[in-house]
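K.L.:
I would like the atomic coordinates for the input below:
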Amino acid sequence: MSEKKIRRKTFVGVVVSDKMDKTVVVQVERLVQHPRFKKYVKKRKKYMAHDEENKCRVGDKVLIRETRPLSRHKRWRVVEILERRVKEGE
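P.N.:
Residues are numbered from 1 along each chain as shown. I've put the predicted structure just below:
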């Protein structure tokens, strides 16, 4: 049997909610050129991602990767935390 190399999509985004258990909501922002006016517009989309150890906090920059369906809405997994949000008091 031949092994198939699976290329999974990856995105970098910011955690906007961590209120669920083992789940975070990540907002991914990208620039898209308008088809008619050729101006670049920011597009935002939110993804629910699996966070096994509940390490992510609101404001963290994370790398998420596509995975098998884990629940009704979760099809992404947090691979790593790229940048921690610094709190005001610290």
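K.L.:
what are the bridge partners for Glu29, then?
P.N.:
Bridge pairing for Glu29 (DSSP bridges) gives the partners Arg44.
K.L.:
quick one, what contacts it?
P.N.:
Going by C-beta atoms under 8 Å, 6 or more residues apart in numbering, Glu29 touches 13-14, 42-44. The way it works is simple: take the backbone N, C-alpha and C, and place the C-beta from them, glycine included.
K.L.:
I'd like the residues you listed laid out as JSON lines, including distance to Ile64 and pLDDT.
P.N.:
Shown next, in JSON lines, are the contacts of Glu29 (distance: C-beta to C-beta, whole Å; pLDDT from 0 to 100):
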{"residue": "Gly13", "distance to Ile64": "7", "pLDDT": "97"}
{"residue": "Val14", "distance to Ile64": "11", "pLDDT": "97"}
{"residue": "Lys42", "distance to Ile64": "19", "pLDDT": "97"}
{"residue": "Lys43", "distance to Ile64": "16", "pLDDT": "97"}
{"residue": "Arg44", "distance to Ile64": "14", "pLDDT": "97"}
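K.L.:
mind checking which of these are buried?
P.N.:
Taking 16 or more other C-beta atoms under 10 Å as the criterion, what is buried in these is 13-14.
K.L.:
which two from the contacts of Glu29 end up farthest apart in space?
P.N.:
By the measure C-beta to C-beta, Val14 and Lys43 form the most distant pair in the contacts of Glu29, at 14.4 Å.
K.L.:
of the contacts of Glu29, which is the nearest to Arg85?
P.N.:
The closest of the contacts of Glu29, once distances to Arg85 are taken by C-beta to C-beta, is Val14, at 8.6 Å.
K.L.:
which strand or helix spans that closest one?
P.N.:
Element membership for Val14, per DSSP states H and E: strand 10-17.
K.L.:
show residues contacting that strand.
P.N.:
So strand 10-17 is in contact with 24-29, 46-47, 56-66, 76, 79, 82, going by C-beta under 8 Å, 6+ apart.
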